[in-house]
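J.: Whatever this is, show me its structure:
(chains A and B)
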Amino acid sequence: MRHVIGWLLLTPAAILLIAFTYWPIGATVADSLFSRGNPIRPSRFIGLENYALMADDPIFWQVLWNNALFALGTIPASIALALMMALMVNRALPGRALARMAFFTPTILPMIAVANIWLFFYTPDIGLIDQIAGLIGLPGHNWLGDPDTVLGAIIVMTVWKEAGFFMIFYLAALQTIPPELWEAARLEGAARWTYFRRILFPLLMPTTLFVLINAILNSFKLVDHLFILTKGGPDNASNLLLYYIFETAFSFFDTTYAATLTVVLLLVLAVLSLVQYVVLDKRIHYR
Amino acid sequence: MSPRGALETGATWLLALLWISPLLYALWAAFHPAAFAVTFDPFAPLTLENFGEALARAPFPRYMLNTFILVTMLLAAQFVLCTLAAYAFARYRFKGADIAFALVLVQLMIAPEILIVENYATLAHLGLVDTILGIGLPYMASAFGIFLLRQAFKSTPKELEEAARLEGCSTLGVLWRVYVPLARPTYLAYGLVSVSHHWNTFLWPLVVTNSVETRPLTVGLGVFGAPESGVDWSVVSAATLLSVAPLMLAFLLFQRQFVQSFMRAGIR
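T.: Now for the predicted structure:
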């Protein structure tokens, strides 16, 4: 009886999960083994040919490399800032609520709105950054149009958006650390930096790992800003994997190659979840 | 306050000011004529013209209605589906429950927007392309909601259920009268996270929609703000603020609940 009721309760959710998560995962893998069809030549089974194509596709490698750089640029910076912010507003200070709000607000804005605001900062010559640079006599620069600076510009913006989100996890963790620890360390003559490095930081490690995994996931899932800022350009210098998948499927209409690229993204996510499962205690990541 | 404390306070204020300045700047640009977009003259005249211009150029009230319909419909469906599934996982040790739960958790990692190609094909089969229902459907069975509610239901004392059974409550009666009311804080937390997440998503709605009647705010703003549209900066700022205003106001009013919900939720 309980088996029947259990499954009945689960059925509505299960149908949707199958339709929009499990089935498409399977279909993606299957599609990646077929050729791109057209009205004259229908799609046919080609084995791993799409993967061979992908291995020879310089854009694929560039996009993957960009994703790695994007992750490397955003994650350590936003985690360090998040921790600093949390330490700053965890003590008594006038205007504490305001400071917390200032740090957290970018988090609840849609990435599209953030990109809209930052687009103007980066606009060559008339944009805010170049205007300010002009005041001290620096020449204007096309931040988003130069392959050397475009990824950096996007990284700065993303750090601005994400640091406040990670801050709240550090704040929550800091509040569970007994103040006696600092008292004791002070009695032992420990400097504040030593206390941070030897006691506080290790105690915050579970939070850091939790935030780290989430930050890596975000760096693969978040591509909204590219639609406004760069469209992946110039010359794919800011293109990321999910955006390339979108382009391949909906601009170049090559759904089987898009499926092949999606398989790579799924593999990345699978490895990350495995790491999360093995490295992190369940209690930590599903608190 | 010690000199060191004062220094730290100053540094905190400075960083906070730096952090909020892009938003303050957007406010400045939106409420001043275009000529003052980069001239910070404290006596610059205030104006609402940019908002008027934005509203004249794109149907933002309609977009807002679409977003509102989307998040409400989605949240209602999520509450029902996730409640039923979470109850099954929390209280019925049915055969295959562990495997089924592990499978549900897969969706935490692989959100439907990762699978845009196949999910778009599915929607096309169902004839739901360019509908608000189509944007919401893949997210209705939310692994995250099931997970949170399961936790809440598990912490509900079993004795309460037994008492309700003795009073003659059915399975759904127990769920509705005992479990749901006691999990109210979890529903609030999940609701805030879900609404703010789906208010802000862009990629999937962009793929699904192609008309004014279905487009949510984010997509409307994306179309509006694209650099090639040639709209001037102050108007884009006004449009951006219009799009984020409802969620922003809700956040400012219920800041504590928002932050606590995000903290509880962990994963957006």
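J.: all helices for the stretch 51-200 of chain A, in order.
T.: For the stretch 51-200 of chain A, the helices defined by DSSP state H, counting those that start in this stretch cover A:58-89, A:96-104, A:111-122, A:128-135, A:150-174, A:180-187, A:192-195.
J.: Compare those helices and give me the one nearest B:W233.
T.: helix A:111-122 (5.3 Å; C-beta to C-beta). To be clear about C-beta, it is placed using only N, CA and C from the backbone, and glycine gets the same treatment.
J.: Show residues contacting stretch B:163-177.
T.: For stretch B:163-177, contacts defined as C-beta atoms under 8 Å, 6 or more residues apart in numbering or on different chains pick out A:5, B:83-84, B:87, B:161, B:178.
J.: hmm, try it at 7 Å
T.: A:5, B:83, B:87, B:161, B:178 (C-beta atoms under 7 Å, 6 or more residues apart in numbering or on different chains).
J.: wait, which of these is closest to A:P58?
T.: Closest to A:P58, out of all of these and judged by C-beta to C-beta, is B:T83, at 49.4 Å.
J.: which among the contacts of stretch B:163-177 end up buried?
T.: By neighbour count, with 16 or more other C-beta atoms under 10 Å in any protein chain shown, the contacts of stretch B:163-177 hold B:83, B:87, B:161, B:178 as buried.
J.: what about B:L108, neighbour count?
T.: 18 (other C-beta atoms under 10 Å in any protein chain shown).
J.: what about it, distance to chain A?
T.: Going from B:L108 to chain A by C-beta to the nearest C-beta, to the nearest Å gives 8 Å.
J.: Pull the contacting residues for A:G164.
T.: Per C-beta under 7 Å, 6+ apart, neighbours of A:G164: A:85, A:103-107.
J.: Would you mind putting those into TSV with distance to chain B and pLDDT alongside?
T.: Listed next are these as TSV, based on distance: C-beta to the nearest C-beta, whole Å; pLDDT from 0 to 100:
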residue	distance to chain B	pLDDT
A:M85	7	93
A:F103	6	92
A:F104	7	90
A:T105	6	89
A:P106	7	91
A:T107	8	89
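J.: Outline the domain layout of the chain.
T.: As the question left the chain open, I've gone with chain A. The record, using automatic domain parsing to delimit domains, assigns chain A the ranges A:1-28, A:55-285.
J.: you looked at the wrong chain, it should be chain B
T.: B:3-47, B:53-265.
J.: can you tell me which of these the model trusts least?
T.: Sorting these by mean pLDDT places domain B:3-47 lowest, at a mean of 84.
J.: That one and chain A, are they touching?
T.: Yes. Counting by C-beta under 7 Å from any C-beta of the partner chain, chain A has neighbours in domain B:3-47: B:9, B:12-13, B:15-16, B:19-20, B:22-23, B:25-26, B:38.
J.: Quick one: distance of that domain to the chain centre.
T.: Chain-centre distance of domain B:3-47: 27 Å, with C-alpha atoms, centre = their mean, to the nearest Å.
J.: what's the answer for stretch A:249-258, then?
T.: 23 Å.
J.: what secondary structure does the residue of chain B found nearest chain A sit in?
T.: Residue nearest to chain A within chain B (C-beta to the nearest C-beta): B:F94, separated by 2.8 Å. Three-state call for B:F94 (DSSP: H, G, I helix; E, B strand; the rest coil): coil.
J.: shouldn't it be in contact with A:L8?
T.: No. Counting by C-beta atoms under 7 Å, A:L8 is not a contact partner of B:F94; they are 9.4 Å apart.
J.: can you list residues touching both of the two?
T.: With C-beta under 7 Å, 6+ apart, B:F94 and A:L8 have no common neighbours.
J.: Which one's more surrounded, those two?
T.: Between B:F94 and A:L8, B:F94 has the larger neighbour count (other C-beta under 10 Å), namely 20 against 14.
J.: For that one, what are phi and psi?
T.: phi -80, psi 160 (degrees, to the nearest 10).
J.: What separation is there between it and A:L17?
T.: With distances taken as C-beta to C-beta, to the nearest Å, B:F94 is found 16 Å from A:L17.
J.: hey, which of the helices of the stretch 51-200 of chain A is tucked in deepest?
T.: helix A:111-122 (a mean of 25; mean count of other C-beta atoms under 10 Å in any protein chain shown).
J.: quick check: mean pLDDT across it?
T.: 88.
J.: Likewise for stretch A:126-138?
T.: 79.
J.: With just CA atoms, put that stretch into CSV.
T.: Output of stretch A:126-138 as CSV, limited to C-alpha atoms (Å, rounded to 0.1, in the frame of the first residue of the first chain):
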residue,chain,number,x,y,z
ILE,A,126,31.9,58.3,-24.0
GLY,A,127,31.7,55.5,-21.4
LEU,A,128,32.2,56.3,-17.7
ILE,A,129,35.5,54.5,-17.4
ASP,A,130,37.0,56.4,-20.3
GLN,A,131,35.5,59.7,-19.1
ILE,A,132,37.2,59.2,-15.7
ALA,A,133,40.5,58.1,-17.4
GLY,A,134,40.3,61.1,-19.6
LEU,A,135,40.2,63.4,-16.5
ILE,A,136,43.7,62.2,-15.6
GLY,A,137,44.8,62.3,-19.2
LEU,A,138,44.7,58.6,-20.1
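J.: How many residues are close by B:V208?
T.: 27.
J.: wait, it sits on B:L133?
T.: No. The pair B:V208 / B:L133 is not scored as a contact, 9.8 Å apart, by C-beta under 7 Å.
J.: Report the spatially nearest residue to residue 154, omitting neighbours in sequence.
T.: As the question left the chain open, I've gone with chain A. Once flanking residues are discounted, A:I154 sits nearest to A:S238: 5.8 Å by C-beta to C-beta, 6 or more residues apart in numbering or on different chains.
J.: You answered for a different chain; I wanted chain B.
T.: Using C-beta to C-beta, 6+ apart, the nearest residue to B:K154 is B:A90, at 4.7 Å.
J.: Pull the number of nearby residues for the one you found.
T.: Neighbours of B:A90 (other C-beta under 10 Å): 19.
J.: For it, give me its contacts.
T.: B:A90 neighbours (C-beta under 7 Å, 6+ apart): B:150, B:153-154.
J.: If any of these are buried, give me the ChimeraX selection for them.
T.: To isolate in ChimeraX the members of these that are buried, counting by 16+ other C-beta under 10 Å, one can use:
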select /B:150,153
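J.: need the contacts of B:A90 in a markdown table with secondary structure, can you?
T.: Output for those, formatted as a markdown table (three-state DSSP):
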| residue | secondary structure |
| --- | --- |
| B:R150 | helix |
| B:F153 | helix |
| B:K154 | helix |
